[in-house]
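*Asks:* please work out how this folds:
(4 chains)
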Protein chains: 4
Amino acid sequence: MIGGGIGAFIGKTHRVAARISNQFELVGGAFDADYEAGKQFAIQEGIPLERTYATVDDLIETEIKLPENERMNVVAIVTPNFLHFEMAKKLLQNNFHIICEKPVTTSSKEAIELQNIIEDKKLIFALAHAYTGYPMVRQMRGMILAGEIGELQRIDGQYYQGWINPVIHNKKLLSKTWRLNPKISGISCCMGDIGVHAFNLIEYTTGAQVTKVLSDLNNLLPDVKLDVDGTVLLRFEGNYKGVISSSQIASGEENNIVITVYGSKGGLRWEQENPNFLTMLIEGEPRRILKPGNAYNSELAEISYTFPSGHPEGLYDAFGNLYKGVAKAIKEESFNQAEFPTIIDGVRGMKFIESVIQSNAEGNIWIDL
Amino acid sequence: MIGGGIGAFIGKTHRVAARISNQFELVGGAFDADYEAGKQFAIQEGIPLERTYATVDDLIETEIKLPENERMNVVAIVTPNFLHFEMAKKLLQNNFHIICEKPVTTSSKEAIELQNIIEDKKLIFALAHAYTGYPMVRQMRGMILAGEIGELQRIDGQYYQGWINPVIHNKKLLSKTWRLNPKISGISCCMGDIGVHAFNLIEYTTGAQVTKVLSDLNNLLPDVKLDVDGTVLLRFEGNYKGVISSSQIASGEENNIVITVYGSKGGLRWEQENPNFLTMLIEGEPRRILKPGNAYNSELAEISYTFPSGHPEGLYDAFGNLYKGVAKAIKEESFNQAEFPTIIDGVRGMKFIESVIQSNAEGNIWIDL
Amino acid sequence: MIGGGIGAFIGKTHRVAARISNQFELVGGAFDADYEAGKQFAIQEGIPLERTYATVDDLIETEIKLPENERMNVVAIVTPNFLHFEMAKKLLQNNFHIICEKPVTTSSKEAIELQNIIEDKKLIFALAHAYTGYPMVRQMRGMILAGEIGELQRIDGQYYQGWINPVIHNKKLLSKTWRLNPKISGISCCMGDIGVHAFNLIEYTTGAQVTKVLSDLNNLLPDVKLDVDGTVLLRFEGNYKGVISSSQIASGEENNIVITVYGSKGGLRWEQENPNFLTMLIEGEPRRILKPGNAYNSELAEISYTFPSGHPEGLYDAFGNLYKGVAKAIKEESFNQAEFPTIIDGVRGMKFIESVIQSNAEGNIWIDL
Amino acid sequence: MIGGGIGAFIGKTHRVAARISNQFELVGGAFDADYEAGKQFAIQEGIPLERTYATVDDLIETEIKLPENERMNVVAIVTPNFLHFEMAKKLLQNNFHIICEKPVTTSSKEAIELQNIIEDKKLIFALAHAYTGYPMVRQMRGMILAGEIGELQRIDGQYYQGWINPVIHNKKLLSKTWRLNPKISGISCCMGDIGVHAFNLIEYTTGAQVTKVLSDLNNLLPDVKLDVDGTVLLRFEGNYKGVISSSQIASGEENNIVITVYGSKGGLRWEQENPNFLTMLIEGEPRRILKPGNAYNSELAEISYTFPSGHPEGLYDAFGNLYKGVAKAIKEESFNQAEFPTIIDGVRGMKFIESVIQSNAEGNIWIDL
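*Replies:* Numbers count the residues shown, from 1 in each chain, chains lettered A, B, ... in the order given. Okay, here's the model as predicted:
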């Protein structure tokens, strides 16, 4: 693991997910830019100090000399965003598989560079869009691809949070929040952080590709330097259309993601805060509520859930499913793209963010993705 | 009543609403373009044939000769849309108060013409945006205007139906559906029929005015002549933004209206299919569910609900609240604009429809409202 | 109408229901024990004073002399409980049809006496268990009787309110609350007022009959003279069992009725505070949500709902369905027992209340119904 | 770990919970009555064969010889029910801490015997009533004990499953289902397996103790040897009462646990299938929905949840919280009884099961607990 030392929330999520997957053990890493802090973390977690490195370079140098069955077979990158690209590139060039936090890079150009290396070297690269690990998200994808709601007609993605609200109304908090600092966060806050999840879930569940976007973003206040709210009109190859509504100033919301897809026969809706329920609307019939742990679900949904039905699983379990998919892919030397997001999703996501920002900057016009 | 004869659904709704309000009785009308059918309807409903008229002109001519306490004091117009304007104009010129189905006219120009007469003659003109009669919609407006969610930050209106879906996929049905016939329905189907309700609810609950729209509409199939789906970006005088998502091809949906408004302190959400619940999100506090029949509600919400709490009321009751408001307004010769929509809402709605159509036609650009 | 004068809530409910049904008009009555107050009410409602009577006797005497097509054809009894029996008896003996508030009488003996007159004279007698007028309650009954959930296995009725809670903790309020005064309210508060509704809904939706009860009631505080809470174990002719949980000290509850019935194939659940949704559980399949206004419902459910699907109806509409059923029954001189509760339900209800009180008094033993 | 080998569901749950807690590692065990199968399991899981034992006796003999910092410090017992007692007794006598699956033993007498050893030797013994690990269950307890809903007035526990339904209607399945075999399962199926969870949650959340029970159980069919459904009336030391409704033939239900507690100020309701929501009813105020990850929750609720609010956690996470509590208790040599159920809960549970069976057998009479 690169990053994820003491106090790092996302690093913890990866560690729990890896443990849940029962396929990985954390054997070493470069946990902190401050080497001493990294070592302290290693001691706390019971990780051998000889595999606790000061830098990625050190890690690579030492690990590649280890026998194949001993050396790290996957490296998780959970550092701040702007470091992802350089680290991932080096690791890939040295033949490490990678599980990378999103956003994959700071530009689509960098993402494409990684994609080329990955395809060239036939490595596994997983992007941590963890919501795709939920059984009912996978069930939704399976049903749509199988034509159960017919031809697509309308797509609606929402992602509402409220946590930025107190930040923007408090100058002190505002100045300390790296998400709103363009130097660290990049070109976008709301769209780059959460809008892109809605985008990913739409492309994941439908198998469709957004071709154009037109956005209207909002910083709300003059001293807020990045978007904290916005709406994105979506066009696809077909004649159906869609929209992403996303906000971090939807005060009182926690993590309210809703993906709804309508087709010529019916619709499907998944809500992140009730992840074990999938609503199906069917023209002329009672609506249906699907739940994991039932034989009526697809095989992929069912292997993504381990309890008997009626026992809720949560985001750690969903995240663990990504780790399981990676382990399986490494073992089988091939993979099912439904089991974890890849560099392709990373490239798509970066293009989405760039296009949305460009559309807004140029006066809310259509931008090809 | 003008229109609303045998088999006319909306006419029945008005009759029930009037009965529920306990303020009006149906005493006569011109119920059908076919006079014989109109008379048959009158017999069926127990309405005296001497007050069953062949035309609006006949109605006016006879009724104005009756003593003031006997003649019709309000006329409900529930004919097909394209007839509203001429009828309303004549009736207003002859000093009848009016309750008119929406859309008020076929253009904002006509609507403004009516507005001038109404203001000139100090008549009551109510527009049947019946959702504003729901106690929890009125409570939402009261709370927002009282500042309970703080300064506005984000507005989201959705209106999804699926009933047009089977129509557009069946040529025979398509040719028989007047909603999709521009000659009868006017310039818009989805936005004119339902999008405008979301628009009205947004302006009603927030007291804010939309200043600009940018729309992306969809007919989906080549032989569909009007929009059946669309998204509208909204700008307001303040720096907050919003969106209306509306579709009649959201297969499996029935009448799914959701209005969500976020401010600097929290948010409020109302859903038409569960109208007796109002969700309040508050930053840092548990979310709250408000229900009618409780002392914590505003006076207007409470006079709009007559059961003890916990006994659901529905759309007829909401509609009846509009009728009650009209009766009160006529009695008191003044009115509270929260108690029923007026010609001002009619003008706003027509401008919304026209602007949305224009934005889409001109390539998804901003149009001032 | 007998009773229901100024300020009488339940009288108002009957008037609105009658108006909604579009089958009845309030033409006269004995509205108040205080004749002057009754006349004032008549003036307020626009009812002719010559048909506003001082007593039931006066009403009967005058009305039976009127020609058949002019005289009252149904009398609604909405007086306090202890007066129902004598009034109903007199009216029935004089051949008036009756719509009676519940409880029908103060004892099963009296109820049986009425039953005998009704059957003898072939009159229509409807008991105002208005929840049975809801489309989805009727749909539930239809599905169970049609075997859609298989053989019955478990029945669960809940009725929770909180309104008695502040009453019992405030001596002044307690002394003024007639529901808790045995002289006016009879032998039971919670079971007689609301438990009996759950009982009625169970027998209505399943078509099954409770054969035995064992109850454990609770007055909670020493100076509370009647039950305000209780649980009733239920036995039926078959080998399935059930329970009714009912409380008026479930603080914060409004009118939370839930009826759940499980069979060998699945279950059905209806909740009064969301009356337009019926949940169906099916073994091995996704759960289903049924809503009124859809062709998949039974004919009876569909004639009990008049809007297009997705437009909520409420308790007035449900109540109006009872009135419609009565009008139809009088017209057709026969009736479908699913369309309104009759004296048979009245007798069953009184037996339920008496048995539950007896079981509790005798130490929580089984009592045959 | 004792038991929990290949294919053992509950063993897997414990392993994941231990991993999530980040406090334990599975270092050895006696995984299967068949030693070869146990060894195969160890290989599969990467557990050293030298710590894979044939029997509990072997395990004890070898492990106690290891240095304290190397030997197992907690043993999880996940064998079939009837083996718990003997194993636990031996392990306790040899000073091992224990995490034991429920039911703790097959009788309250045995449970009390264990209790005496545990208290005598000051060992940690945790019982796997995992639902008590949910943050919102802990929050509910905290609020009730803090008096936030006032004095208790009514308690309602439900636990509905449907999985036994297909079993009892299929002779072959019936004969193979050990839960319905009294020799393996003990004196009760429904009450022993799930009713006792509702009982435990009631005592956990309220801090109150059931003093008496009166039950009515149901085997439904003649060839079913144990209860598959039942209702239990509850009495407490105070004057409030309660009920547990539980069924395994509630066809279509998955794992529907609902605990509702009403007091003199309001009520609290928790539903296992939506575990991240806690509903609070308050007299005269809007209802509230509490969610984990918010500062308004108790400290215990908050340390039981690790994501930012709005990111669902599930049953593995709840189970992990029990493991965390055990680790903390061992470290601190003291414990907070809210952090994991103990042998006291085990004794209470066994008494509940025995009393409920006795009440039913003796004709539905009150039995002291």
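*Asks:* right, is stretch A:355-369 up against chain B?
*Replies:* Yes. Applying CB under 8 Å from any CB of the partner chain, one finds stretch A:355-369 touching chain B at A:364, A:366. The C-beta positions use only the backbone N, C-alpha and C, and glycine is treated the same way.
*Asks:* export that stretch as PDB, just CAs?
*Replies:* Coordinates of the C-alpha atoms in stretch A:355-369 are reproduced here as PDB (Å, rounded to 0.1, in the frame of the first residue of the first chain):
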ATOM      1  CA  SER A 355     -15.700  18.000 -20.500                       C
ATOM      2  CA  VAL A 356     -18.100  19.200 -17.800                       C
ATOM      3  CA  ILE A 357     -15.600  21.900 -16.600                       C
ATOM      4  CA  GLN A 358     -15.100  23.000 -20.200                       C
ATOM      5  CA  SER A 359     -18.800  23.100 -21.000                       C
ATOM      6  CA  ASN A 360     -19.400  25.300 -18.000                       C
ATOM      7  CA  ALA A 361     -16.500  27.500 -18.700                       C
ATOM      8  CA  GLU A 362     -17.500  28.100 -22.300                       C
ATOM      9  CA  GLY A 363     -21.100  29.100 -21.500                       C
ATOM     10  CA  ASN A 364     -22.900  25.900 -21.100                       C
ATOM     11  CA  ILE A 365     -22.400  24.400 -24.500                       C
ATOM     12  CA  TRP A 366     -22.200  20.800 -25.700                       C
ATOM     13  CA  ILE A 367     -18.800  19.200 -25.400                       C
ATOM     14  CA  ASP A 368     -18.000  15.800 -26.900                       C
ATOM     15  CA  LEU A 369     -16.600  13.300 -24.500                       C
END
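*Asks:* how about the residue most central in space within chain A, what does it touch?
*Replies:* The centre of chain A sits closest to residue A:129, judged by CA atoms, centre = their mean, with a distance of 1.8 Å. Residue A:129 makes contact with A:102, A:197, A:200, A:201, A:204, A:341, A:345, A:349 under the criterion CB atoms under 8 Å, 6 or more residues apart in numbering or on different chains.
*Asks:* then residue A:193?
*Replies:* A:179, A:185, A:248.
*Asks:* tell me, how many residues neighbour the first one?
*Replies:* Taking other CB atoms under 10 Å in any protein chain shown as the neighbour definition, residue A:179 ends up with a count of 19.
*Asks:* what about the strands in the stretch 51-200 of chain A?
*Replies:* A:74-77, A:97-100, A:125-127, A:152-160 (DSSP state E, counting those that start in this stretch).
*Asks:* a markdown table for the ones you listed, including mean pLDDT?
*Replies:* What follows is those, written out as a markdown table (pLDDT from 0 to 100):
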| stretch | mean pLDDT |
| --- | --- |
| strand A:74-77 | 93 |
| strand A:97-100 | 95 |
| strand A:125-127 | 96 |
| strand A:152-160 | 98 |
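*Asks:* out of those, nearest to chain B?
*Replies:* strand A:152-160 (4.8 Å; CB to the nearest CB).
*Asks:* just confirm yes or no for the closest one near chain B.
*Replies:* Yes. Residues of strand A:152-160 are located near chain B by CB under 8 Å from any CB, namely A:153, A:154, A:156, A:158, A:160.
*Asks:* so which elements touch that strand?
*Replies:* helix A:196-206, strand A:229-236, strand A:241-247, strand A:256-263, strand B:241-247 (3 or more CB pairs under 8 Å, 6 or more residues apart in numbering or on different chains; DSSP states H and E).
*Asks:* would you turn those into JSON lines with mean pLDDT?
*Replies:* Formatted as JSON lines, those follow (pLDDT from 0 to 100):
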{"stretch": "helix A:196-206", "mean pLDDT": "98"}
{"stretch": "strand A:229-236", "mean pLDDT": "98"}
{"stretch": "strand A:241-247", "mean pLDDT": "98"}
{"stretch": "strand A:256-263", "mean pLDDT": "98"}
{"stretch": "strand B:241-247", "mean pLDDT": "98"}
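*Asks:* near chain D, which residues of the stretch 251-369 of chain A show up?
*Replies:* So far as CB under 8 Å from any CB goes, the stretch 251-369 of chain A lies against chain D at A:253-256, A:272-276, A:291, A:293, A:306-317.
*Asks:* kindly identify which of the contacts of residue A:193 also come near chain C.
*Replies:* Within these, nothing lies near chain C by CB under 8 Å from any CB.
*Asks:* if we can go back for a sec, which among the contacts of residue A:129 gets closest to residue C:51?
*Replies:* residue A:201 (66.8 Å; CB to CB).
*Asks:* what does the stretch 201-350 of chain A put close to chain B?
*Replies:* A:214, A:216, A:218, A:220-221, A:229-231, A:233, A:235, A:239-241, A:243, A:245, A:247, A:249-253, A:260, A:262-267, A:280-283, A:285, A:287.
*Asks:* tell me the pLDDT of the residue of chain A positioned farthest from its centre.
*Replies:* Within chain A, residue A:284 marks the point farthest from the mean C-alpha position, 35.7 Å out by CA atoms, centre = their mean. For residue A:284, the pLDDT comes out at 95.
*Asks:* repeat that for residue A:33.
*Replies:* Reported pLDDT for residue A:33: 87.
*Asks:* the one 10 residues further on now?
*Replies:* Model confidence at residue A:43, given as pLDDT, is 89.
*Asks:* how about residue A:14?
*Replies:* In this model, residue A:14 is scored at 89, pLDDT.
*Asks:* what residues does the stretch 151-300 of chain A put near chain C?
*Replies:* So far as CB under 8 Å from any CB goes, the stretch 151-300 of chain A lies against chain C at A:280, A:284, A:285, A:286, A:287, A:288, A:289, A:290, A:291, A:294, A:295, A:296.
*Asks:* one more time with 7 Å
*Replies:* Within the stretch 151-300 of chain A, the positions near chain C by CB under 7 Å from any CB of the partner chain are A:280, A:284, A:285, A:286, A:287, A:288, A:289, A:290, A:295, A:296.
*Asks:* distance of the nearest residue to the third one once chain neighbours are set aside from chain D?
*Replies:* Spelled out, that is residue A:285. Excluding the flanking residues, the one nearest residue A:285 by CB to CB, 6 or more residues apart in numbering or on different chains is residue C:296, at 6.3 Å. Per CB to the nearest CB, to the nearest Å, residue C:296 is found 18 Å from chain D.
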